[in-house]
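Novice: How does the following fold in three dimensions:
(chains A and B)
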Amino acid sequence: MPAAINLYRVRKATDGARELFQSVQRQKDQYQGVWIVSPEGKVLAGRQDYKDFKNGAVELIETMDAGLKAFGPVEPRRAKPTNPLPHRGLGVQADGSITLALYGRQVLGGGRETIPAGVEASRAWLWDGALRADGPTMIDSLTLPSEDWSAFAPQKLEAGASWSLPESVARKLVRLLTASSDQSGMPRPEDATVAELKAVVESVEGGMAKIRLAGRWEMARLVEGDPKRPMSAAATAEGAALYDVERKSVRSLLMVFDSTIRHGRSEGGPNRAGAVVEWNSP
Amino acid sequence: MKTMLALLLALSEGANPAGDRVEGLLAIPSFAPLGSASEGKPSGDDLARRAAAIKPSEKELTWLGIPWVMDLMEAQRLARDEKRPIFLWATGDDPLERC
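Specialist: Model prediction:
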């Protein structure tokens, strides 16, 4: 039975889940990771660390096999694929909020003509060739309340009409600068030293306004508050949105971020990350 | 929790014949060019291309199709009903939304 839980949330549960999870952790002490647990709550196997990341999938299967061996024979489960997050990147909730689908990862390429100012010449090779992934993907979600989402809608429906989105909205996107899913590395809105997002109506045709977005961000933070572990990042982003004139609502949004990240003194120069923000109406 | 995600990706390798097809850019393919490279502005197609280079492929997201249960007590109830163990994945974030 595949279960995916937030350990902070389960610690606050009042329905017995907290006690069950605490029992699981007592039986096999792991901060996080995978446990194979009998329906009665007995831990059969578990894993948090991997001896060899490249062989990690095999190690995880070994853990699952160990759990199944301890449990006994199990019939294959007849389960259909599901979408546990139907609102991620899709549609507006009853309260007017939306949830942006966020993706990020380290990238290479894109052309040296796109190298931002301040990058050391020794790192220029990072921009050689076509834009391409250079690491595992990061997945994230960001829910914007209705007042934030409304800032993406144009006030004037005429070509050339431009506006700046509130800095408070732009700050919420600063987490995209590092493509890190680790809470210790994820920039918070208060870490942003620059957060600007502007929009302009490019055209209004056929009941749709085409909107172009452009923004820039800079941030600085101490990883886990440690003065010896400073990190900083800067990014620009470009985007496009469609606005339905009749429905008075945004129909789609796509933004692409290009970041440079410096850890510590980064004597060798910055690393790179790319990120995507995506949302569509049903 | 990138480790877990990478492992799930590895476990799902080959599970999706759709391969690297990228979906979700519903409005962008029909988006008329917003500008030209010569003007220093990316076209809608260019944005979609750049997004596709960063976004996970559909194959990489196969693990999201697993019928995850996000309520531990519900998972225990189902496990009892179906007489099978629980594969319990716990992280400091919502595992399916941030990893």
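Novice: Could you point out which residue ranges in chain B have low pLDDT?
Specialist: Within chain B, the segments meeting pLDDT under 70 span B:1-43, B:98-99.
Novice: can you give me the strands in it?
Specialist: Counting by DSSP state E, one finds strands in chain B at the ranges B:86-91.
Novice: residues contacting residue 49?
Specialist: I'll assume chain A. A:Gly33 (Cβ atoms under 8 Å, 6 or more residues apart in numbering or on different chains). C-betas here are computed from N, CA, C, even on glycine.
Novice: looking at chain B here, not the other one
Specialist: Per Cβ under 8 Å, 6+ apart, neighbours of B:Arg49: A:Leu131.
Novice: gap between it and A:Ser203?
Specialist: 21 Å (Cβ to Cβ, to the nearest Å).
Novice: now A:Ala133
Specialist: Taken as Cβ to Cβ, the span from A:Ala133 to A:Ser203 is 33 Å.
Novice: quick one: low-confidence ranges for chain A?
Specialist: A:181, A:265-268.
Novice: Break down it into its helices, ranges please.
Specialist: Remark: helices assigned in chain A by DSSP state H are A:7-10, A:17-27, A:56-71, A:146-149, A:167-172.
Novice: roughly how far out does the fourth one sit from the chain middle?
Specialist: With Cα atoms, centre = their mean, to the nearest Å as the basis, helix A:146-149 stands 19 Å off its chain's centre.
Novice: residues of that helix that come out buried?
Specialist: By 16 or more other Cβ atoms under 10 Å in any protein chain shown, the buried positions in helix A:146-149 come out as A:148-149.
Novice: on that earlier part again, I'd like the helices of chain A written out as a markdown table, with distance to A:Ala199 added.
Specialist: Compiled in a markdown table, the helices of chain A are given as follows (distance: least, Cβ to Cβ, whole Å):
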| stretch | distance to A:Ala199 |
| --- | --- |
| helix A:7-10 | 35 |
| helix A:17-27 | 43 |
| helix A:56-71 | 43 |
| helix A:146-149 | 13 |
| helix A:167-172 | 11 |
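Novice: that older thread, A:Ala133 and A:Ser203: which has the busier surroundings?
Specialist: Legend: neighbour count by other Cβ atoms under 10 Å in any protein chain shown for A:Ala133 and A:Ser203, higher for A:Ala133 (19 against 15).
Novice: Quick one: residues contacting the closest residue to the more buried one other than its chain neighbours.
Specialist: Residue nearest to A:Ala133 in three dimensions, not counting chain neighbours: A:Arg105, with 5.4 Å by Cβ to Cβ, 6 or more residues apart in numbering or on different chains. The contact partners of A:Arg105, taken as Cβ under 8 Å, 6+ apart, are A:133-138, A:179, A:273-274, B:54.
Novice: Which stretches in the stretch 101-250 of chain A count as strands?
Specialist: A:107-108, A:132-133, A:138-144, A:162-164, A:192-205, A:208-222, A:230-244, A:249-263 (DSSP state E, counting those that start in this stretch).
Novice: what angle separates the fifth one from strand A:208-222?
Specialist: Comparing the axes of strand A:192-205 and strand A:208-222 via axes from the mean of the first three to the mean of the last three Cα atoms, to 10 degrees yields an angle of 170 degrees.
Novice: tell me which strands and helices strand A:192-205 is in contact with?
Specialist: strand A:162-164, helix A:167-172, strand A:208-222, strand A:230-244 (3 or more Cβ pairs under 8 Å, 6 or more residues apart in numbering or on different chains; DSSP states H and E).
Novice: again, only using 6 Å
Specialist: strand A:162-164, helix A:167-172, strand A:208-222 (3 or more Cβ pairs under 6 Å, 6 or more residues apart in numbering or on different chains; DSSP states H and E).
Novice: Thanks again, I'm all set now.
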